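S.K.: give me coordinates for this.
(chains A and B)
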Number of protein chains: 2
Amino acid sequence: MGGSLALACKHAGLGRSLTGVTRRLETAEQALAIGAVDRATTDLVAGLRDADIVVLAAPVRTVLRQLHQLRGLPLSRCVLFDLGSTKRAIVQAMAGLPPTVQPVGCHPMCGKETSGLAAADPTLYQGAVWVITPTSRTTPVALGLASEIATGVGAHPLVLDAERHDRLVAAISHLPYLLATALVLATAELGTEDEMVWQLAASGFRDTSRLAASDVDMMLDILLTNRAAIGEALQRVSAQLARLGDRLAHADEPALRDLLGAARRAKCQMTKAN
Amino acid sequence: MGGSLALACKHAGLGRSLTGVTRRLETAEQALAIGAVDRATTDLVAGLRDADIVVLAAPVRTVLRQLHQLRGLPLSRCVLFDLGSTKRAIVQAMAGLPPTVQPVGCHPMCGKETSGLAAADPTLYQGAVWVITPTSRTTPVALGLASEIATGVGAHPLVLDAERHDRLVAAISHLPYLLATALVLATAELGTEDEMVWQLAASGFRDTSRLAASDVDMMLDILLTNRAAIGEALQRVSAQLARLGDRLAHADEPALRDLLGAARRAKCQMTKAN
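M.R.: Sure, this is the predicted structure:
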């Protein structure tokens, strides 16, 4: 996400000078080599010195650690935002930043299963919804800047309360991941009895299970910082599954037709709208 | 499926003469117009007269009705197969065909959400697994012919017991459809409280929910003729979902990591193999 944003900013001519702060020297060198940044360092204090805008591009719990780490640093006046996939915990942690910092949460709704600088793509943000979640300290300047960068890289900014954001992404992002994962686990269970199941899996299975290949560390960060909302989403989908199973067990064709028809209409309407 | 098979046979030069039997005159005319068949009729008896090979290309319960209807007809010596998505009920019904008929069940594992002759595609079967389910009456000649046609249109024939086929497709085809449907229904439920959910749905949601747009009549036929196996598959996936939900509710990171890691490995291995 960070590499893609740096490249996208470069392509769009956003910012005078970009400094990359990485954990590993190798990554810093790579960032320079692909032209994503003008300067690169593994030294956080040196990297942030004189920055006007600071972007934390890391998995959620790394961002939380970074926010904690930044509390003690003598930061100059700057706008700071992150790109984390859940926002409630991050927005809360932003409250502890030094008063010179103007924080705001961001979540560009795009991504790939691949990560790392080698997968960096300047077009990643084009057409994506870029959620902006204000904190109690977010100024109009910070909000405006986040929005300007989002628009600059081709995304559509959308201001949402952090709690509401987390509830919505639990339903449309974290839940699909858990469904894909449960599907693969159930298939693997059957696969221990009959290996043929893997050979038969066709395109429908591949699409429905695609998200199960997501990076585990990234997903753990997301799941563990959004437990309550994901728990609700799981209950909703389990109830719908039980309802479908019940209608099917009773061969209740009219009721089953109603449910399948309602889902099909909602899905088709959504496809048309997007 | 029928239109695509007719076109694929034409392209591959399979069969001397193809006759299309349709329920509606309009479809018969359309089949002739696109060159899928040499002759077309809505008269079943006339259409089957002197046929060497009869292919029933219809949703499962229509095939079951057709098999019942064919019992009373004076059919000449022929090989008959269907393209239905579940096989146990069809293979059972094939036992009642006149003794001149050599029946065999077939299920080419490909398809689209679109149906009808307008969506017919001669490349539909290329690279697909084409399951062949013998009946107690299936002769080597019938098995060989079904296999030859499968190979001729670019598919890979795979002989499976009907019961085993139904159990496997319940897991890798019917279950993904029900998961996609439950996901859309759960999202629609949340959508009544917060319409924004539809706007946020990104590519992950779109893939996981894609199958919910499948044709309802076709899916009802499939679900209602494979209830027991689908019931088992639903139980397996519900147990996995409950397990994931439980580990998450308890913030049991090591256990959650194990489950997500196992799913990711299985999914990636599968992607590599296919």
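S.K.: middle-most residue in chain A, spatially?
M.R.: Ranked by distance to the mean C-alpha position of chain A (CA atoms, centre = their mean), the top residue is A:S85 at 3.3 Å.
S.K.: okay, now the closest residue to A:C268 other than its chain neighbours: neighbour count?
M.R.: The shortest distance from A:C268 to any non-neighbouring residue, by CB to CB, 6 or more residues apart in numbering or on different chains, is to B:A213 (5.6 Å). C-beta coordinates here come from the backbone N, C-alpha and C atoms, glycine included. Burial measure for B:A213: 20 neighbouring residues, criterion other CB atoms under 10 Å in any protein chain shown.
S.K.: what's the spacing between B:A213 and B:V169?
M.R.: In this structure, B:A213 and B:V169 are separated by 19 Å, where distance is defined by CB to CB, to the nearest Å.
S.K.: next: A:R243.
M.R.: From A:R243 over to B:V169 (counting by CB to CB), the distance is 22 Å.
S.K.: same question, A:A128
M.R.: Distance from A:A128 to B:V169, by CB to CB: 36 Å.
S.K.: so which of A:R243 and B:V169 has more stuff around it?
M.R.: More crowded of A:R243 and B:V169, by other CB under 10 Å: B:V169, with 28 against 15.
S.K.: would you map the strands across the stretch 1-150 of chain A?
M.R.: Along the stretch 1-150 of chain A, the segments classed as strands by DSSP state E, counting those that start in this stretch run A:19-21, A:39-41, A:53-56, A:78-82, A:101-108, A:129-133.
S.K.: by contact count, what packs against the second one?
M.R.: Applying 3 or more CB pairs under 8 Å, 6 or more residues apart in numbering or on different chains; DSSP states H and E, we find strand A:39-41 packed against strand A:19-21, helix A:25-33.
S.K.: go on, the last one?
M.R.: Under the contact criterion of 3+ CB pairs under 8 Å, 6+ apart, strand A:129-133 touches strand A:101-108, helix A:140-152, strand A:156-159, helix A:162-169, helix B:196-200.
S.K.: in JSON lines, list those along with distance to A:R65 and mean pLDDT.
M.R.: Conversion of these to JSON lines gives the following (distance: least, CB to CB, whole Å; pLDDT from 0 to 100):
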{"stretch": "strand A:101-108", "distance to A:R65": "15", "mean pLDDT": "96"}
{"stretch": "helix A:140-152", "distance to A:R65": "22", "mean pLDDT": "96"}
{"stretch": "strand A:156-159", "distance to A:R65": "26", "mean pLDDT": "96"}
{"stretch": "helix A:162-169", "distance to A:R65": "19", "mean pLDDT": "97"}
{"stretch": "helix B:196-200", "distance to A:R65": "27", "mean pLDDT": "90"}
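S.K.: need the winner for burial among these.
M.R.: The densest packing among these, expressed as mean neighbour count by mean count of other CB atoms under 10 Å in any protein chain shown, is seen in strand A:101-108 with a mean of 26.
S.K.: specify the angle between that strand and strand A:129-133 in degrees.
M.R.: 150 degrees (axes from the mean of the first three to the mean of the last three CA atoms, to 10 degrees).
S.K.: quick one: which of the strands of the stretch 1-150 of chain A is nearest B:A51?
M.R.: Evaluated with CB to CB, these place strand A:129-133 nearest to B:A51, the distance being 55.7 Å.
S.K.: and that closest one, how far out from the chain's middle?
M.R.: Offset of strand A:129-133 from its chain centre (CA atoms, centre = their mean, to the nearest Å): 10 Å.
S.K.: how about the residues of the stretch 1-150 of chain A by chain B?
M.R.: With CB under 8 Å from any CB of the partner chain as the criterion, the stretch 1-150 of chain A meets chain B at residues A:109-110, A:128-129, A:131.
S.K.: what sits against the residue in the stretch 1-150 of chain A that chain B sits nearest to?
M.R.: Chain B sits closest to A:M109 of the stretch 1-150 of chain A, with a gap of 4.7 Å, by CB to the nearest CB. Contact partners of A:M109, counting by CB atoms under 8 Å, 6 or more residues apart in numbering or on different chains, are A:128-131, A:169, A:173, B:200, B:202.
S.K.: please identify the deepest-packed of the strands of the stretch 1-150 of chain A.
M.R.: Each of the strands of the stretch 1-150 of chain A was given a mean neighbour count from mean count of other CB under 10 Å, and the largest, a mean of 26, is that of strand A:101-108.
S.K.: who does that strand pair up with?
M.R.: Strand A:101-108 has the following strand partners under DSSP bridges: strand A:78-82 (parallel), strand A:129-133 (antiparallel).
S.K.: would CSV of those strands with distance to B:A186 be doable?
M.R.: As requested, the strands paired with strand A:101-108 are arranged in CSV below (distance: least, CB to CB, whole Å):
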stretch, distance to B:A186
strand A:78-82, 28
strand A:129-133, 20
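S.K.: those into TSV, with extra columns for mean pLDDT and distance to A:A12?
M.R.: What follows is these, written out as TSV (pLDDT from 0 to 100; distance: least, CB to CB, whole Å):
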stretch	mean pLDDT	distance to A:A12
strand A:78-82	96	17
strand A:129-133	96	14
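S.K.: my guess is A:A89 meets A:V60, correct?
M.R.: Yes: using CB atoms under 8 Å as the test, A:A89 is close enough to A:V60 to be in contact (7.0 Å).
S.K.: identify the contacts common to those two.
M.R.: Both A:A89 and A:V60 are contacted by A:T225, under the criterion CB under 8 Å, 6+ apart.
S.K.: show me which of the two is the more surrounded one.
M.R.: Between A:A89 and A:V60, A:V60 has the larger neighbour count (other CB under 10 Å), namely 24 against 21.
S.K.: that older thread, how about the residues of the stretch 1-150 of chain A next to chain B, which pair is most distant?
M.R.: Using CB to CB, the two most remote members of these are A:C110 and A:V131, lying 11.0 Å apart.
S.K.: what sits against the closest residue to A:A28 other than its chain neighbours?
M.R.: If the residues on either side of it in the chain are set aside, A:A28 comes closest to A:A40, at 3.7 Å by CB to CB, 6+ apart. For A:A40, the contacting residues are A:19-22, A:28-29, A:31-32, taking CB under 8 Å, 6+ apart as the criterion.
S.K.: now those in TSV, with pLDDT?
M.R.: Formatted as TSV, the contacts of A:A40 follow (pLDDT from 0 to 100):
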residue	pLDDT
A:T19	95
A:G20	94
A:V21	94
A:T22	92
A:A28	92
A:E29	93
A:A31	92
A:L32	93
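S.K.: roughly how far apart are the residue lying closest to A:S136 once chain neighbours are set aside and A:L67?
M.R.: Ranked by CB to CB, 6+ apart and with sequence neighbours excluded, the top spatial neighbour of A:S136 is A:A95, at 6.4 Å. Counting by CB to CB, the gap between A:A95 and A:L67 amounts to 9 Å.
S.K.: and those two? Which one has more around it.
M.R.: Set A:A95 next to A:L67 and count neighbours by other CB under 10 Å: A:L67 wins out with 23 against 11.
S.K.: so how far is the first residue of stretch A:145-164 from its last?
M.R.: According to CA to CA, to the nearest Å, stretch A:145-164 extends 22 Å from its N-terminal end residue to its C-terminal end residue.
S.K.: run through who's touching it.
M.R.: For stretch A:145-164, the external contacting residues (CB under 8 Å, 6+ apart) are A:5, A:8-9, A:12, A:14, A:53, A:79, A:81, A:87-88, A:90-91, A:104-106, A:108, A:110, A:122-123, A:125-135, A:143, A:168, B:194, B:196, B:199.
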